[in-house]
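In: sequence-free structure coming up:
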């Protein structure tokens, strides 16, 4: 299937989902659905570096938080234009600010992509567990930086007040849900396009054997940098609308460990070698967590992730997609025999 | 087909040195390989053969001396840049891309090396044709759609050489391509390497199996403790008293 056709199909599925949620008319669906979709973007983004290239990134929360705090920064600038800018700049700045949320998403993507590039240059010569530790350290460094930056709220946090209603969409949460749906479409199209391109072949060689990849002419460092930038940018974009969703943001929630754990667990459970794996894993795990939050307690969420992860690592290390592929191959084999 | 005239050598190594901490792996090695030659490189375990290959191919960077390939000094270049220039290698232990089929393994150097050269851009159909052409050369065309886990040891070695050949190299370094193979399989690989050489590829073969080395080599170089101790006609080199001494410990 060609990319434009795939894009249209995913967009139509997204539109159908949005229409169905609006028909149900319960705002809670949008609140819960937003989180699930946010995890689809995070898991798909993680998989570009972790699944396609085999570089396990424990710093997803850091990239997500860059998106969150990029929005908080520009929101705060918008709130204090008169205090920040000299008088001759007031008129143009008041025209520019507050920045619309879709633009904030793009800006967050650019900022976290740039941080991804920097992180890549610093860490991509490391491999395996050393790389994973370095990415975790990056998240810790970023959190320390934010905690000590009063302009974005520091440790006490910052309020971002979303409007109650927005034209066309109505309740603001519906707009946020729609925006996240668009990001899901973007993330899936990007991931699938990479997978089927020369870039995807290069990523797979890095995952399989980096030394052999270099020997066959694959510019491994350049490709890994591309993966870190794309992955980081998508994670940042996923974080950008979050302050508007939650209303009050502090470092503990933006850099929450659950983002890092879920970003890894969801592709592992779904399957890491294809774009569909993180989607399946995030839909399954994200929905389960939302159901558990309502029916049992939100404290059960990480327990569910842990148990499922152990189950899949032992029973199906290639995830749900791997299980399905094995079943299809087995069936084909039986048909050939008979 | 060796070009032994006045033409500059394809590969020229000048006083190459490499240390690992206090251990001297290569100690001022000089070597020139003319175009089209079949060179055998032997030496006891730990003599520096693989380190020399790694320094030539860019997997390791030499600390002293220099490597010139096809008129270009390549010190400091990373491995993939050297591959793009026409320097390919096979590994001592086969390192296939395990998530890919045999044909997909061959496609990688075609995509990333052959297509990266400014004068070439193969279409999808041409890539497929070229894959089959290379696989035919190593008699693996019937396994094109198989995963590498389904290959035997000798087929894995052939795939390793085929993948190196797919990069259309000027120089191929075969690092112990026959280790662990049976008598007939060794003959198979030697014949394959000679066929590759007849297509105009200069080949440096590192090997412990002397029967294969003597059949293959037009010239023989011996490394011991990171130093070149003999270089010349294979028959005279294996009778050299320093070489005999290094192997027999006399």
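Out: Perfect, I can see it now. Nothing here was measured: the structure is a model prediction, and the numbers come from that model.
In: just for chain B, where's the confidence low?
Out: Residue ranges of chain B with pLDDT under 70: B:1-6, B:250.
In: how about a cut-off of 90?
Out: Counting by pLDDT under 90, the ranges of chain B that qualify are B:1-8, B:92, B:117-122, B:177-182, B:185, B:245-250.
In: Chain A contacts on that one?
Out: Residues of chain B lying near chain A by CB under 8 Å from any CB of the partner chain: B:57-59, B:78-80, B:83-84, B:88-89, B:91, B:95-100, B:104, B:107-109, B:111-113, B:116, B:163-164, B:166-167. Bear in mind the C-beta positions are built from the backbone N, C-alpha and C, glycine included.
In: From these, list the buried ones, please.
Out: Buried members of those, counted by 16 or more other CB atoms under 10 Å in any protein chain shown: B:57-59, B:78-80, B:83-84, B:88-89, B:91, B:95-97, B:100, B:104, B:107-109, B:111-113, B:116, B:163-164, B:166-167.
In: Strands - which of the residues of chain B next to chain A land there?
Out: B:88-89 (DSSP state E).
In: where exactly do the strands run in chain B?
Out: So, for chain B - with DSSP E - the strands run B:11-20, B:23-33, B:38-42, B:64-69, B:72-73, B:87-90, B:171-175, B:202-206, B:219-224, B:227-232.
In: list the contacts for residue A:320?
Out: Applying CB atoms under 8 Å, 6 or more residues apart in numbering or on different chains, one finds that residue A:320 lies in contact with A:269-271, A:277, A:280-281, A:284, A:312.
In: repeat that with 6 Å
Out: Residues counted as contacts of residue A:320 (CB atoms under 6 Å, 6 or more residues apart in numbering or on different chains) are A:270-271, A:280.
In: Pretty sure it sits in a helix.
Out: Yes. According to DSSP: H, G, I helix; E, B strand; the rest coil, the state of residue A:320 is that of a helix.
In: The nearest residue to residue A:7 once chain neighbours are set aside - how many residues pack around it?
Out: Sequence neighbours aside, residue A:189 is the residue nearest to residue A:7 in space, at 5.0 Å (criterion: CB to CB, 6 or more residues apart in numbering or on different chains). Other residues near residue A:189 come to 18 when the count uses other CB atoms under 10 Å in any protein chain shown.
In: Can you give me the buried ones in the helix or strand containing residue A:189?
Out: Residue A:189 is located in helix A:172-195, with elements delineated by DSSP states H and E. Across helix A:172-195, burial judged by 16+ other CB under 10 Å covers A:172-192, A:194-195.
In: Need the residues that contact the strand or helix carrying residue A:136.
Out: Per DSSP H and E, residue A:136 falls inside helix A:128-147. Contact with helix A:128-147 is made by A:55-59, A:61-62, A:69, A:119, A:123, A:126, A:155, A:251, A:255, as judged by CB under 6 Å, 6+ apart.
In: can you name the two of the residues you listed that are farthest apart?
Out: A:55 and A:155 (31.3 Å; CB to CB).
In: Specify which residue of those two has the higher count of neighbours.
Out: residue A:55 (26 against 13).
In: correct me, but that one touches residue A:49?
Out: Yes. With contact defined as CB atoms under 6 Å, residue A:55 reaches residue A:49; the gap is 5.1 Å.
In: residues contacting residue A:163?
Out: Neighbouring residues of residue A:163 by CB under 6 Å, 6+ apart: residue A:172.
In: for it, helix, strand, or coil?
Out: Assignment for residue A:163 (three-state DSSP): coil.
In: tell me the centre residue of chain B?
Out: residue B:173 (0.9 Å; CA atoms, centre = their mean).
In: Enumerate every residue touching that residue.
Out: Applying CB under 6 Å, 6+ apart, the residues near residue B:173 are B:53, B:89, B:204.
In: Try it again at 10 Å.
Out: Contact analysis of residue B:173 by CB atoms under 10 Å, 6 or more residues apart in numbering or on different chains lists A:215, B:11, B:33, B:39, B:41, B:52-54, B:56-57, B:87-91, B:164, B:202-206.
In: what about the residue in the stretch 151-300 of chain A that chain B sits nearest to, neighbour count?
Out: Proximity of the stretch 151-300 of chain A to chain B (CB to the nearest CB) peaks at residue A:217, 3.2 Å away. Other residues lying near residue A:217 total 28 when counted by other CB under 10 Å.
In: what about it, distance to residue B:55?
Out: Using CB to CB, to the nearest Å, residue A:217 is found at 19 Å from residue B:55.
In: Over to residue A:207?
Out: Residue A:207 is 27 Å from residue B:55, by CB to CB.
In: So for those two, which sits in the more crowded spot?
Out: residue B:55 (24 against 20).
In: check contacts around the nearest residue to residue A:192 once chain neighbours are set aside.
Out: Closest residue to residue A:192 apart from its sequence neighbours, by CB to CB, 6+ apart: residue A:275 at 4.3 Å. Under the criterion of CB under 10 Å, 6+ apart, the neighbours of residue A:275 are A:6, A:44, A:47-48, A:51-52, A:187-196, A:200, A:267, A:321.
In: Up against chain B, what does the stretch 1-150 of chain A have?
Out: Counting by CB under 10 Å from any CB of the partner chain, the stretch 1-150 of chain A comes close to chain B at residue A:54.
In: Going along the chain, name the helices of the stretch 1-150 of chain A.
Out: Listed in chain order, the helices of the stretch 1-150 of chain A (DSSP state H, counting those that start in this stretch) span residues A:3-24, A:27-50, A:60-79, A:81-84, A:87-96, A:101-123, A:128-147.
In: May I see the buried residues of the fifth one?
Out: Going by neighbour count (16+ other CB under 10 Å), nothing in helix A:87-96 comes out as buried.
In: average pLDDT across it?
Out: Averaging pLDDT along helix A:87-96 gives 92.
In: now the closest residue to residue A:187 other than its chain neighbours: how far from chain B?
Out: Spatial nearest neighbour of residue A:187, excluding adjacent residues (CB to CB, 6+ apart): residue A:44 at 4.3 Å. From residue A:44 over to chain B the distance is 19 Å, taken as CB to the nearest CB, to the nearest Å.
In: Tell me how many other residues crowd residue A:44.
Out: The tally of other residues near residue A:44 (other CB under 10 Å) stands at 34.
In: Next up, the contacts around it.
Out: A:51, A:183-184, A:186-192, A:231, A:234-235, A:238, A:263, A:266-267, A:270, A:275-279, A:281-282.
In: can you pull the contacts of the nearest residue to residue A:169 once chain neighbours are set aside?
Out: Take residue A:169 and drop its neighbours on the chain: the residue closest to it by CB to CB, 6+ apart is residue A:175, 4.1 Å away. Listed by CB under 10 Å, 6+ apart, the contact set of residue A:175 reads A:30, A:101-102, A:162-163, A:165-169, A:241, A:244.
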